[in-house]
Structure formats: C-alpha cells, structure tokens
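Novice: what's the 3D shape of this:
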Amino acid sequence: MVSLESLERDVSRSGYRVTGPRRELLATLQEMGDHFTAEGLVAAVPGVGRATVFRTLRLLQDIGTLCQVVLDDGTLQYRLTSGGHHHHVVCSRCGAVNDFSACDIQGLLDEIAERTGYVIDGHRLEVYGRCADCKEVLTSET
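Specialist: Below is the predicted model:
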C-alpha cells in the first residue's frame, strides 16, 4: 500500500501544493484500500468540496499516482498505483483487480494509426475473467 507520506511527496514533486483539503483526501484515499468510486470518496470526506475531490482525482491521475479501472459491469473505479505504464486484469465475479505491465501491442497500435490517420496518444487495456479464488468456487459448484 502506498503511504500517505509518499502520496504527499508525489504531489509536491509534481509542483503542486499539499493543501489541507488535499491532505485530507490523500489520507482518505490511503485508507480506502484497493479500489473505490469517486462518489465513495466524496461521501468519505464531507468537509471537502465535490469539485476539489474531482480536481484532485484528475491531478493524481495526471501525475501517475492514481489510475482508473473499468469493471466488467462498466463501473468506473480508482486505485492508487506505484506508477509506471500498466494495465488491469479484473475478476468479473468478485471485482478483484490486479496490475500487469506486459503490453506487447505496439504493432497493433501502429496499424490502427496507419489505418485511421490518428496519432495514438495512449491506450488502456482491461482484461476480464475470474480470479483464482472465484475460478475455484465455480469449479467446485459444477
């Protein structure tokens, strides 16, 4: 788990101030665990304005401290990350999320760019399936 001190350091090193409301948000994020929704964060910090919550979520994504995860049902959640380019494998039964960094799709991205005329700025990849625990539950039920 990412420490509060590390989160504050990431914000400061990126040229942003760690204000009282940001400190409260960072502490709450650190306590919320593996993944959470924006609305859940808004509810968890009633003393911080909704706009501040959403601006801080955007800031943390921009500096690579927070990433978005789209669950199998389309729900958007967030999770703290230690940074670096990565993707997610999401359990479609229990919602567990794991990161993976292997991303061998550059050839496909180049082909898409060539076909469409786009300059590809980035991509996101979520893979859905059943985690080891849920796979075992389903196997024992059949």
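Novice: can we go C-alpha only for contacts and neighbour counts from here?
Specialist: Fine.
Novice: list the buried residues of the helix or strand containing L25.
Specialist: For L25, the element it lies in under DSSP states H and E is helix 20-32. Using 16 or more other Cα atoms under 10 Å as the test for burial, helix 20-32 gives 21-23, 25-27, 29-30, 32.
Novice: what is the nearest of these to A96?
Specialist: Among the buried residues of helix 20-32, M32 lies closest to A96 (Cα to Cα), at 14.5 Å.
Novice: tell me what the helix holding L25 is packed against?
Specialist: Here helix 20-32 touches helix 4-13, helix 38-44, helix 50-62, going by 3 or more Cα pairs under 8 Å, 6 or more residues apart in numbering; DSSP states H and E.
Novice: tell me the domain ranges of this protein?
Specialist: Domain ranges of the chain: 1-82, 85-142, per automatic domain parsing.
Novice: from the buried residues of helix 20-32, pick the one nearest D73.
Specialist: Nearest to D73 among those, counting by Cα to Cα, is M32 at 21.0 Å.
Novice: which ones are touching the closest one?
Specialist: Not one residue lies near M32 by Cα atoms under 8 Å, 6 or more residues apart in numbering.
Novice: same thing with the one 10 residues further on?
Specialist: V42 is in contact with 48-50, 53, counting by Cα under 8 Å, 6+ apart.
Novice: against V48, how distant is G20?
Specialist: Separation of G20 from V48 (Cα to Cα, to the nearest Å): 9 Å.
Novice: helices and strands of the protein: which one has the lowest mean pLDDT?
Specialist: Ranking every helix and strand in the chain by mean pLDDT, DSSP states H and E puts helix 132-141 at the bottom, with a mean of 75.
Novice: tell me where the chain is predicted with low confidence.
Specialist: Across the chain, the ranges flagged by pLDDT under 70 are 1, 82-83, 138-142.
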